[in-house]
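Participant: build me a model from this:
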Amino acid sequence: MSMYGRDPWGGPLEINTTTDSVNTDNDFDRSRDFDKAALSSRRLDETQQSWLLGPNEKKKKKYVDLGCLVVSRKLFVWTVGMVLAVGFLVGFVVLLVKVVPRHHKHVAVKDNYTVALQKALLFFNAQKSGKLPKHNNVSWRGNSCLNDGKLDKSGAVLKDLVGGYYDAGDAIKFHFPKAFAMTMLSWSVIEYSAKYEAAGELNHVKEIIKWGSDYFLKTFNSTADDISQIVAQVGKGDTSGGTSDPNDHTCWMRPEDIDYPRPVTECSSCSDLAAEMAAALASASIVFKDNKVYSKKLVHGAATLWKFARGNRGIYTAGGSDAATFYNSSMYWDEFVWGGAWMYYATGNQSYLYLASHPKLAKHAGAFWGGPEYGVLSWDNKLTGAQVLLTRLRLFLSPGYPYEETLKTFHNQTSIIMCSYLPYFNSFNRTRGGLIQLNHGRPQPLQYVVNAAFLATLYSDYLDAADTPGWYCGPKFYSTDELRKFAQTQIDYILGKNPRKMSYVVGYGDHYPKHVHHRGASIPKNRVKYNCKGGYKWRDSKKPNPHTIIGAMVAGPDKHDGFHDVRTNYNYTEPTLAGNAGLVAALVALSGDGRTTKIDKNTMFSAVPPMFPTPPPPPAPWKP
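Facilitator: Numbering: from 1, shown residues only. Now for the predicted structure:
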């Protein structure tokens, strides 16, 4: 029988069938063999191959078609296997990291100096007088002395003296050390604004400076061009009258509870005070240079004070004033050099620079005297600070004649002073623990140490910025690293690396003074108003202060590294505004990542015109 079917590849397909099953099977097999042989000479598609192979024959692919690429099947299987194995391994490692406890932190932590800086700035919040801002962040402080100046019976002209800062553990507003403190803070911001910003404290420190500047503008007629007097002090500290004469030293009261009279002290012949206040306002004007209205107001006030200082010669503590017992001024010549330099930077007026760099003024200020106080920056002696400040000018702008002679001398003297700080020289003794004795073993040493640490770090940064690797002490050359090392060892001592293992900055570390000589911190805020004598029980208590005055740097140890944490011994436990300002300046200078964050060379000179005329443009190319 014949069956005709359609050949799937074209043409008829004839199949012969017979009743002989054996012959039929053999013929069929031969037919398949013939067909395979006939077709083996040409490429077959997948359908053809599957038909020819039959139901039990499978052709294993040697290649895998990935669409855009054909790869070996073995290579494909091996690659997929490896990917899966690696994925499993990575997953296992991730699981291990998640489950196994971590023994170290991956997040960068703040360095010790930055941590201490943030605490040290809080001390100024605790010292504020007047109506406090809501964000003051010192829970145990409140509004205080809101009638300063208004109830004064002395005939003072200025009646609004609310605000400002209390000086130390009392409630007196001494303007001389306070002005120095504000100048130091402004200087540190001008040089290290990037470091303050990195620490998240730039706005905070600027607010602290503004609180002081706003107050100083109240202490004289800041809108006038000529004045005849300024306020030197608010409050009284004379204890000769005992408790029958209640004042800021005979009474032990919270500032918020003060009800005794607070006299105002004015002066009409006080060049030192006026020049220092001028320096404070002038430096602040650079800090706030972006606020043109406020900056201009500060510059005008500084110019008025400077004119008064130059025209009314005298020392503010002359005549046995109350301040003479606590902050006696030795001269006003150093304030003229210091204030003149700041006035020049704030205004660009070269008459200020001419005065500040005049050889006779330098001589009167003690630039060529030497002596035990030489090289020691303090609230009383600003010469060393002025020398560093004017050396900056020589390093970066080099004004030349007629200033070069004195500026070169100041530069050389600054180098000598920096040498005197190093442990290789015997200019100053050191305690066994390593604390430099800039005040020659007298009490309250730390305020001088922090100022020196700031100047040393700052000068090393000046030299680095001027691409100068170091300086000479006699024939020997020292790297700028030596200055930074000196500053670090001194600040580390203050922060706890000392024989007593005590931090002299309250609230930093675990072991710090608990009986700080401070009225506000030693009396609980319990809605009880303790009168003048009533607070004595808290002063004389053996218990720690109920409030921690965070960031306060106490007066410090004695020359034998000894320290007595006793509230009534202010030579050990009392903090001051001027001391903390130097601490803040030193901490910000040392904070951060060291040398990668440079000083700001330009802000200081923002008001200074070019020293030399701009050269004319080159002539046009010559054409024949």
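Participant: and the closest residue in space to N137 that isn't next to it in sequence, how many neighbours?
Facilitator: Excluding its sequence neighbours, the residue lying closest to N137 (CB to CB, 6 or more residues apart in numbering) is N125, at 5.8 Å. Every residue, glycine included, has its C-beta placed from N, CA and C. By other CB atoms under 10 Å, the residues close to N125 number 22.
Participant: what lies in contact with the helix or strand harbouring N125?
Facilitator: Per DSSP states H and E, N125 falls inside helix 112-126. With CB atoms under 8 Å, 6 or more residues apart in numbering as the test, helix 112-126 has contacts from 136-138, 141, 165, 198-201, 204-205, 208, 211, 491, 495, 505, 507-508, 520-521, 549-553, 575, 577, 580, 583-584, 587-588, 590-592.
Participant: switch the cut-off to 7 Å
Facilitator: 136-138, 141, 165, 199, 201, 204-205, 208, 491, 495, 505, 507-508, 520, 549-553, 575, 580, 583-584, 587-588, 590-592 (CB atoms under 7 Å, 6 or more residues apart in numbering).
Participant: narrow the residues you listed to those that are buried.
Facilitator: With burial judged by 16 or more other CB atoms under 10 Å, the buried subset of the contacts of helix 112-126 is 138, 141, 165, 199, 201, 204-205, 208, 491, 495, 505, 507-508, 520, 549-553, 575, 580, 583-584, 587-588, 590-592.
Participant: and whatever helix or strand V293 lives in, what does it pack against?
Facilitator: In the assignment (DSSP H and E), V293 maps to helix 292-311. Contacts defined by 3 or more CB pairs under 7 Å, 6 or more residues apart in numbering; DSSP states H and E place helix 292-311 against helix 271-287, helix 333-347.
Participant: what's the most buried one of the ones you listed?
Facilitator: helix 271-287 (a mean of 30; mean count of other CB atoms under 10 Å).
Participant: now that one against helix 333-347, angle please.
Facilitator: Angle between the axes of helix 271-287 and helix 333-347 is 20 degrees (criterion: axes from the mean of the first three to the mean of the last three CA atoms, to 10 degrees).
Participant: now the angle from helix 271-287 to helix 292-311?
Facilitator: 160 degrees.
Participant: distance from helix 271-287 to the middle of the chain?
Facilitator: Remark: helix 271-287 is offset 22 Å from the chain centroid, using CA atoms, centre = their mean, to the nearest Å.
Participant: quick one: the residue nearest to N137 from W211, how far?
Facilitator: N125 is 9 Å from W211, where distance means CB to CB, to the nearest Å.
Participant: ditto for L383
Facilitator: When distance is defined by CB to CB, L383 is 28 Å away from W211.
Participant: please say which of those two ends up with more neighbours.
Facilitator: For the pair L383 and W211, the greater number of neighbours falls to L383 (26 against 21), based on other CB under 10 Å.
Participant: would you confirm that the more buried one contacts F336?
Facilitator: No. Assessed by CB atoms under 7 Å, L383 is found out of contact with F336, at 10.3 Å.
Participant: can you report how many residues lie near S606?
Facilitator: S606: 16 surrounding residues under other CB under 10 Å.
Participant: distance of it from K289?
Facilitator: In terms of CB to CB, S606 sits 5 Å off from K289.
Participant: the stretch 501-624 of the chain: helices as residue ranges?
Facilitator: Applying DSSP state H, counting those that start in this stretch to the stretch 501-624 of the chain gives helices spanning 519-522, 536-539, 570-573, 577-590.
Participant: of those helices, give the one that comes closest to P359.
Facilitator: helix 577-590 (28.9 Å; CB to CB).
Participant: could you pull out the strands for this protein?
Facilitator: Ranges of strands within the chain are 2-6, 12-16, 63-65, 70-72, 173-174, 230-234, 264-267, 470-473, 476-479, based on DSSP state E.
Participant: sheet-wise, list the partners of the shortest one with their directions.
Facilitator: Spelled out, that is strand 173-174. Paired with strand 173-174 in the same sheet, following DSSP bridges, are strand 230-234 (antiparallel).
Participant: and the contacts of the strand it pairs with?
Facilitator: Contacts of strand 230-234 (CB under 7 Å, 6+ apart): 148-149, 158, 161, 172-175, 219-220, 262, 264-267, 270, 273-274, 308, 316, 322-323.
Participant: from Q127, how far out is V608?
Facilitator: Applying CB to CB, the value for V608 to Q127 is 33 Å.
Participant: next one: T347
Facilitator: Where Q127 is concerned, T347 sits at a distance of 30 Å (CB to CB).
Participant: per-domain residue ranges of the chain.
Facilitator: Listed domain ranges for the chain are 63-94, 112-600 (source: the TED database).
Participant: need the winner for burial among those domains.
Facilitator: By mean count of other CB under 10 Å, these have domain 112-600 as the most buried, with a mean of 20.
Participant: figure out the length between the terminal residues of that domain.
Facilitator: Across domain 112-600, the terminal residues are separated by 23 Å (CA to CA, to the nearest Å).
Participant: rounded mean pLDDT for that domain, please.
Facilitator: Per-residue pLDDT values across domain 112-600 average out to 96.
Participant: how far out from the middle of the chain is it?
Facilitator: 16 Å.
Participant: and D467, how far from K598?
Facilitator: Distance of D467 to K598, computed by CB to CB: 11 Å.
Participant: tell me who's in contact with the residue lying closest to L455 once chain neighbours are set aside.
Facilitator: Closest residue in space to L455, ignoring its immediate chain neighbours: V388 at 5.4 Å, by CB to CB, 6+ apart. By CB under 7 Å, 6+ apart, the contact list for V388 reads 414, 455, 458-459.
Participant: wait, P443 touches N571, no?
Facilitator: Yes. With contact defined as CB under 7 Å, P443 counts as touching N571 (3.7 Å).
Participant: give me the common contacts of these two.
Facilitator: Contact with both P443 and N571 is made by residues A555, according to CB under 7 Å, 6+ apart.
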